[in-house]
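Peer 1: Sharing a sequence plus its predicted fold:
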Amino acid sequence: MLTFMTSQTPGCSKKRMVRWPGLALKMAHLKAGLTQARVVSARNTTLPGKSPNQGPPEGRQLPTTSRVGGPQPLSDSASTAGPAEPSFSELVPQLFTRSSLWQNMTPRARARQLWLLLRTGLHDFVEKEKRAELRMACLTHGLEPLRRLEVAAGLYSVAQDPVGRRFVVLDGAGCLHLHREDGWAHEKLLAPIALTGLVSVLGPLGSVGRFVGWGPTGLAILRPDLSLLWLSEPGVGRAPGCEPICCLPVPDLGLLLVAEADGSLALWKFRSGGRSLVPRGSPLQPPPSSTGVLVRLALGPLAPHHNPCCFAAYGSAVLTFDLHTWSVTDMRRDLHKT
């Protein structure tokens, strides 16, 4: 194949066409698939006055390919006056530019060698693109599913430990599963006592007693290593048979909200730097007009010049509790209908 190149001689206003034997490489697709590669080789044509085994004209180098970067498109024109633009020869091993064996090859033999090199490079490119497609993308907003955790014995509770950078999963068999932030399992422990729920304590109170658990035996405080630190005494702070079913720490105030099985809401206070709990006031019962069982607890916003409060959802009704006076201040019914 004849490749015609246009060169501009300094001081001359005319352009001349030079016939040059070479190899024109074209790739139809060089993207994720890199499924096709075409090499257009030339027939054995020589310049006038040149032998078939001679190399390219002086000052020219044979366009070649790079095993690392792959083929690049050929330039249609080049200027001999200005600096030469980067070509394939800058990325090709010296074997293809300075080797006498390469210089003595016919264009057909050179095309075959370049095709073998290109075929190997295409395989590397395809594998690289496959790995890039399987790599997890990073989102700047929204939620992205990372991993699904299966708990064979049934899931009871999940507590997030920001300080320890882990999740603690409580299952129905009384085991504690420790998972890293990315969800990978790290360790499995047996709970020190029978528990039905677990929640983490944030702030300075959590430096000693990191978790609060509850179950048939009452309330319990666990250390960061999930060993037992404190256990409530039977009958203290609750009526007989009133098992705690949900807890909500209020670390800024050093309080703990405890929902009991009979629908009442109790308030406890941390003592000794989070090493124990004592009841504060009597448990509050929901108004008789409220129907349904307690299903959720939530803290209210800490607004200036307002007493801290919490919300308790009883079916379709929501009650507001003042944490300072420990009383019911508001009740909204049938919120799901509004």
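Peer 2: It's in.
Peer 1: Can you spell out which helices and strands pack onto the helix or strand encompassing Glu129?
Peer 2: Assessed by DSSP states H and E, Glu129 sits inside helix 107-134. Applying 3 or more CB pairs under 8 Å, 6 or more residues apart in numbering; DSSP states H and E, one finds that helix 107-134 contacts strand 38-40. Quick note: C-beta positions are derived from backbone N, CA and C, even for glycine.
Peer 1: All the strands of the stretch 201-338 of the chain, residue numbers only.
Peer 2: Under the criterion DSSP state E, counting those that start in this stretch, the stretch 201-338 of the chain contains strands at 211-215, 218-222, 228-231, 244-250, 255-260, 265-271, 276-279, 294-299, 309-314, 317-322, 327-332.
Peer 1: Just tell me which of those ends up closest to Gln160.
Peer 2: strand 211-215 (10.6 Å; CB to CB).
Peer 1: which of the residues in that closest one are buried?
Peer 2: Within strand 211-215, the residues that count as buried by 16 or more other CB atoms under 10 Å are 211-215.
Peer 1: Which elements pack onto it?
Peer 2: strand 197-200, strand 218-222, strand 244-250.
Peer 1: Show me what counts as buried in stretch 120-129.
Peer 2: 121-122, 125.
Peer 1: Return the member of these nearest to Arg238.
Peer 2: For those, the residue nearest Arg238 by CB to CB is Phe125; the value is 68.3 Å.
Peer 1: I'd assumed Leu277 was in contact with Arg271.
Peer 2: Yes - using CB atoms under 8 Å, Arg271 is in contact with Leu277, at 6.8 Å.
Peer 1: So between these two, which is more surrounded?
Peer 2: Applying other CB atoms under 10 Å to Arg271 and Leu277 shows that Leu277 carries more neighbours, namely 25 against 12.
Peer 1: Could you give the bridge partners of the nearest residue to Leu294 once chain neighbours are set aside?
Peer 2: Excluding its sequence neighbours, the residue lying closest to Leu294 (CB to CB, 6 or more residues apart in numbering) is Ala259, at 5.0 Å. Going by DSSP bridges, Ala259 is paired in beta bridges with Cys246, Leu265.
Peer 1: Now for Ala259, how many residues are close by?
Peer 2: 22.
Peer 1: Look at it and report its pLDDT.
Peer 2: Note on Ala259: pLDDT of 92.
Peer 1: repeat for Arg333
Peer 2: Arg333 is given a pLDDT of 85.
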